[in-house]
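Engineer: I'd like to go over a predicted model; first the sequence, then the structure.
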Amino acid sequence: MNWEPGKPLITQSERFIIRSLSAKDAGPIYTSWWNDAEIQKGFNFKPRGWDQQRAAQHIETFDNRKKFHLGIFEKQTKKIIGFFAIWPNYTKKVALTNICIGDKAWWGKGVTLEVRARLLPFIFNTLGMEKVEGEIHGRNLPSIYNYKAMGFTPEAVVREHLISPFGGRVDAYHFGLLKEEWLEMRKAGKL
């Protein structure tokens, strides 16, 4: 991938264009995901009540250096269907990631696996990370499945770690993938 720190990132997988979002991408579709109860529950949040201006402000906090907010666009229609976020810690050489498939028509269709597989080389090779992490709040079973399917190791379940906005407490699930593990999986043809 041809990328310079602070500049937008653009790449593609078989079915998707993955690129840095800008404020102009905060249209009604993207904004609706922040206000959708089912989607926000996966992040352990209630609907945010955001308008397009607030969604654009959120996008503008990402600098394509220390924080990446990448839109996932279906190639044929150019319609945004989700986003992928990366927070690299250059001191620890560990990146935290998350993904949201906002377009429910794409749920269960392998988007997460395809997009994450395309972005892992960028995270490990270009950003120089030695580990990629994911944290799941609550019982987000599709996310747990996707991390395990990609070869991430379940490293910890921190019981009742977070207060749920829906009442009570929820666990936090931590997953990790080391660069050496990723390289072995690639060598074995698993990614």
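Structural biologist: Great, that's in hand. Here the structure is a predicted model, which means the values were calculated and not measured. Numbers count the residues shown, from 1 in each chain.

Engineer: C-alpha only now, for contacts and for neighbours.
Structural biologist: Noted.

Engineer: Parallel or antiparallel, list what pairs with the helix or strand harbouring residue 81.
Structural biologist: Counting by DSSP states H and E, the element that carries residue 81 is strand 80-89. According to DSSP bridges, strand 80-89 forms sheet pairs with strand 68-74 (antiparallel), strand 94-101 (antiparallel).

Engineer: chain center to it, what's the gap?
Structural biologist: 4 Å (Cα atoms, centre = their mean, to the nearest Å).

Engineer: and for it, what are the contacting residues?
Structural biologist: 29-30, 66-74, 94-103, 106, 127, 129 (Cα atoms under 8 Å, 6 or more residues apart in numbering).

Engineer: Columns distance to residue 155 on top of the strands paired with strand 80-89, output as CSV?
Structural biologist: Formatted as CSV, the strands paired with strand 80-89 follow (distance: least, Cα to Cα, whole Å):
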stretch, distance to residue 155
strand 68-74, 24
strand 94-101, 14
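
Engineer: So which of those has the densest surroundings on average?
Structural biologist: Among the strands paired with strand 80-89, strand 68-74 has the highest mean neighbour count (mean count of other Cα atoms under 10 Å), at a mean of 24.

Engineer: Show me the contact partners of that strand.
Structural biologist: 9, 15-21, 59, 62, 79-87, 115.

Engineer: quick one, phi/psi of residue 137?
Structural biologist: Residue 137 adopts backbone torsions of phi -100, psi 120, taken as degrees, to the nearest 10.

Engineer: can you pull the contacts of it?
Structural biologist: By Cα under 8 Å, 6+ apart, the neighbours of residue 137 are 42-44, 162, 170-173.

Engineer: Drop the exposed ones from those residues and show what's left.
Structural biologist: 42-44, 170-173 (16 or more other Cα atoms under 10 Å).

Engineer: tell me which element residue 32 falls in.
Structural biologist: Short version, using DSSP H and E: residue 32 is in helix 28-33.

Engineer: for the protein, which helix is longest?
Structural biologist: helix 111-121 (DSSP state H).

Engineer: Return the member of the contacts of residue 137 nearest to residue 123.
Structural biologist: Looking at the contacts of residue 137 and their distance to residue 123, the nearest is residue 173, at 21.1 Å (Cα to Cα).

Engineer: surely the closest one meets residue 133?
Structural biologist: No. The pair residue 173 / residue 133 is not scored as a contact, 10.5 Å apart, by Cα atoms under 8 Å.
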